[in-house]
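S.K.: Take this sequence and fold it.
(2 chains)
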Number of protein chains: 2
Amino acid sequence: MEDKNMLMIPGPTPVPERVLLAMAKHPIGHRSGDFGKIMAEVTENLKWLHQTSNDVLALTASGTGVMEAGIINFLSAGDRVLVGVNGKFGDRWAKVSQAYGLQVEIISAPWGEPLDPELFRAQLEADKEKAIKAVIITHSETSTGVLNDLETINKYVKEHGESLIIVDAVTSLGAVNVPIDTWGLDVVASGSQKGYMIPPGLGFVAVSEKAWLAQEKATLPRFYLDLKPYSKSAAKNTTPFTPPVNLIFGLQESMKMMKAEGLSNIFARHRRLTEATRSAVKALGLKLLAPDSATSTAVTAVEPAPLKAEEIRAIMKKRFDIALAGGQDSLKGKIFRIGHLGFVSDRDILTAISALEATLQEIGHEGLKPGAGVAAAAQVFAQS
Amino acid sequence: MEDKNMLMIPGPTPVPERVLLAMAKHPIGHRSGDFGKIMAEVTENLKWLHQTSNDVLALTASGTGVMEAGIINFLSAGDRVLVGVNGKFGDRWAKVSQAYGLQVEIISAPWGEPLDPELFRAQLEADKEKAIKAVIITHSETSTGVLNDLETINKYVKEHGESLIIVDAVTSLGAVNVPIDTWGLDVVASGSQKGYMIPPGLGFVAVSEKAWLAQEKATLPRFYLDLKPYSKSAAKNTTPFTPPVNLIFGLQESMKMMKAEGLSNIFARHRRLTEATRSAVKALGLKLLAPDSATSTAVTAVEPAPLKAEEIRAIMKKRFDIALAGGQDSLKGKIFRIGHLGFVSDRDILTAISALEATLQEIGHEGLKPGAGVAAAAQVFAQS
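M.R.: Reported below is the predicted structural model:
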């Protein structure tokens, strides 16, 4: 049905009406006092969301752009870095690092499994010369729905002492607890079209004092992605280059909504949506890609074999106007992914699961107990 | 008066209501077939606007980001480049070039005057070894309202044969004729918040076949700003990284409006608005920064000395809710700038000029003939 779309993908995520309307306001001059006031408010709220008193900078860029900024600002050609790779995004950060001539050591796990923190410990402990300048980790691997154990890996980085920890938190920030200052995370990158509940176009990067010290010695070339001018401008409630004014209007509104809900409620909601989704998928006799012990709270990946993932996605879209994500790269055609990140409620999960049940009935999924998925999700909601 | 803002700055420019409402639509998945159709339409219309059959790529970035992409994709460290500098933006491209280790030769003119094409000719003719790999030019220098003679400089670049011409057309594209294929321009960068009539957040870069050949040998490091993946994706009506979906909705709408108006009408309107503004400013006894022979059709810079530029701006804002731009860097406090770019009509010029007259009356501008500005603008309109 036209214009009846429902987004259940891990980005762009649904956008609240009041955010959409804020974005439809006439732009104002980005060098005006009025805009400066908005930037001041937004910057303060971004620090609240990031649980940090350090810089949180907003760039006109997609997630890849800010993550690249998070890497190239703090390193020099030839620097040794450990990159965790267990999905498409970890793979991308390895490619960025290689494109800039870093000495990249990949610590990998199969797609669908979490990174093993002990492999990081071994490399970091063996590095007596402190040659490892950064450990680069994807916290929530959007391509597989796996949550990597950032807390433990970061602990080993801290024991190493020299290395920075650089984190892709694109689908974890605002979906699971990422206490930047408490953990001492150095660089944390994220994007607007995820937990922030606004459309794509803005990227964010939090930077620790230790990272700023490293930046002074870092020689990789950069200009648009050089974070220092962003930091200097942010202190004056402005930006070095023209910001996406209307997206900032949207961000101002969505940050108010997030503050009203509160961080612990936001995290509890995402945990609840994840548990309900996983419980329902199991009750429907389908296989989950990520193990219970390492699940992203942003997205759930389902391996429906012998059913065809793309057939399920097509029916969900055509008959129920629900957009699910497919698999990427090596998982193409093998999985579908249900996004439950940002402006998503318990009701949305019931809707998506009931449509999934109906789809499985249409395909003729062997052993399907009609109603079992919704019942399982409802039980999670009843108990939480 | 609250919410009674009128933007007369050279970006962000006013946005039509239908574009704002298009942006307020719910985002859709950027990997969906529906979005692919939008990208196909938008890409075709971008080529029309750029008067080219080559690639026109859209990046999530501000103008500086795409201009940097336009430089770093086609060059290697140590390459010799000529950079024209007669304002803030020319200055910025010299800094980008230096940040990437290019061998930069600056050809400058005082701020407020155009670049002398003969200085480019001399350097290019003397370069028998064809060491000059690129000439980097700001077409319309937004900081001063000067239009540089791109056509003539480009002619000398073509006679050189080896060098690329890389153009900042941020405030010229969609405001004055830039026939990319006819002139054979290699790289042309622009930004959404200008002639495109949409808010900031999208940058565009047109790339010639000659530039793509140069890219194959260009070794400056890049990933997010690497244009090749954008080109490959554009051929499949998609993007390598998440695009700013809602800004693309806005672009789809604004491109329809531009096509309906037609290129020659758009250029004639900008010329008319410029002439009316300049004629009115002269009639009010104020000095224009740029000479008649080299005027940008996007913005008019006024040197009101002995009157204070910032006082004029403050009254225009406070009493009439009209935002004018101030001077930048060395021109700070010395000029104000009237933007007449994008969604600006004859009526807007009458409005701005009448408010400027009223402001000058309030300040007590010696020798002011009340009504002379509006009369001069009206005469331009009557004759065109």
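
S.K.: where does A:Phe249 land in three-state SS?
M.R.: For A:Phe249, the assignment made with DSSP: H, G, I helix; E, B strand; the rest coil gives helix.

S.K.: ok, it touching A:Met39?
M.R.: No - using C-beta atoms under 8 Å, A:Phe249 is not in contact with A:Met39, being 11.3 Å away. The C-beta positions use only the backbone N, C-alpha and C, and glycine is treated the same way.

S.K.: Compare those two (neighbour count), which wins?
M.R.: A:Phe249 (24 against 20; other C-beta atoms under 10 Å in any protein chain shown).

S.K.: The residue sitting nearest the centre point of chain A: helix or strand, and which one exactly?
M.R.: By C-alpha atoms, centre = their mean, the mean C-alpha position of chain A lies nearest to A:Thr171, the distance being 1.4 Å. A:Thr171 belongs to no helix or strand when elements are defined using DSSP states H and E.

S.K.: Who are the contact partners of it?
M.R.: A:10-11, A:139-140, A:142, A:194-195, A:296, A:298-299, A:341 (C-beta atoms under 8 Å, 6 or more residues apart in numbering or on different chains).

S.K.: How many residues are close by the residue lying closest to it once chain neighbours are set aside?
M.R.: The spatially closest residue to A:Thr171, leaving aside those adjacent along the chain, is A:Ala298, at 3.8 Å (C-beta to C-beta, 6 or more residues apart in numbering or on different chains). Using other C-beta under 10 Å, A:Ala298 has 32 neighbouring residues.

S.K.: Let me know whether A:Ala298 touches A:Arg271 as I believe.
M.R.: No - A:Ala298 is beyond contact range of A:Arg271, at 11.1 Å (criterion: C-beta under 8 Å).

S.K.: Find the residues that touch each one of the two.
M.R.: A:Val176.

S.K.: Please enumerate the helices of chain A.
M.R.: Using DSSP state H, the helices of chain A run over residues A:17-23, A:33-50, A:63-72, A:88-99, A:117-126, A:150-160, A:180-183, A:209-217, A:227-234, A:245-261, A:263-283, A:309-320, A:346-363, A:372-383.

S.K.: okay if I get these as a markdown table plus distance to chain B and mean pLDDT?
M.R.: As requested, these are exported to a markdown table (distance: least, C-beta to the nearest C-beta, whole Å; pLDDT from 0 to 100):
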| stretch | distance to chain B | mean pLDDT |
| --- | --- | --- |
| helix A:17-23 | 4 | 98 |
| helix A:33-50 | 8 | 98 |
| helix A:63-72 | 4 | 98 |
| helix A:88-99 | 5 | 98 |
| helix A:117-126 | 24 | 98 |
| helix A:150-160 | 22 | 98 |
| helix A:180-183 | 23 | 98 |
| helix A:209-217 | 14 | 98 |
| helix A:227-234 | 10 | 98 |
| helix A:245-261 | 4 | 98 |
| helix A:263-283 | 18 | 98 |
| helix A:309-320 | 8 | 98 |
| helix A:346-363 | 14 | 98 |
| helix A:372-383 | 23 | 98 |
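
S.K.: most tightly surrounded among these?
M.R.: Looking across the helices of chain A with neighbours counted as mean count of other C-beta atoms under 10 Å in any protein chain shown, the highest average goes to helix A:63-72: a mean of 27.

S.K.: circling back to that earlier point, any idea which of the contacts of A:Thr171 has the most stuff around it?
M.R.: Counting by other C-beta under 10 Å, top hit in these: A:Ala298 with 32 neighbours.

S.K.: now it: how far from chain B?
M.R.: 14 Å (C-beta to the nearest C-beta, to the nearest Å).

S.K.: Who are the contact partners of that residue?
M.R.: A:10, A:140, A:142, A:145, A:171-172, A:175-176, A:194-195, A:270, A:339-341.

S.K.: One more pass at 10 Å, please.
M.R.: A:10-11, A:13, A:139-142, A:145, A:147, A:170-176, A:194-195, A:270, A:273-274, A:337, A:339-342, A:344 (C-beta atoms under 10 Å, 6 or more residues apart in numbering or on different chains).

S.K.: again, but for A:Ala77
M.R.: A:100-103, A:218-221, B:221.

S.K.: Can you flag the buried ones in the residues you listed?
M.R.: Buried members of the contacts of A:Ala77, counted by 16 or more other C-beta atoms under 10 Å in any protein chain shown: A:100, A:102, A:218, A:220-221, B:221.

S.K.: Of the residues you listed, just say which sits nearest to A:Ser32.
M.R.: Comparing the buried ones among the contacts of A:Ala77 against A:Ser32 with C-beta to C-beta places A:Pro221 closest, at 32.7 Å.
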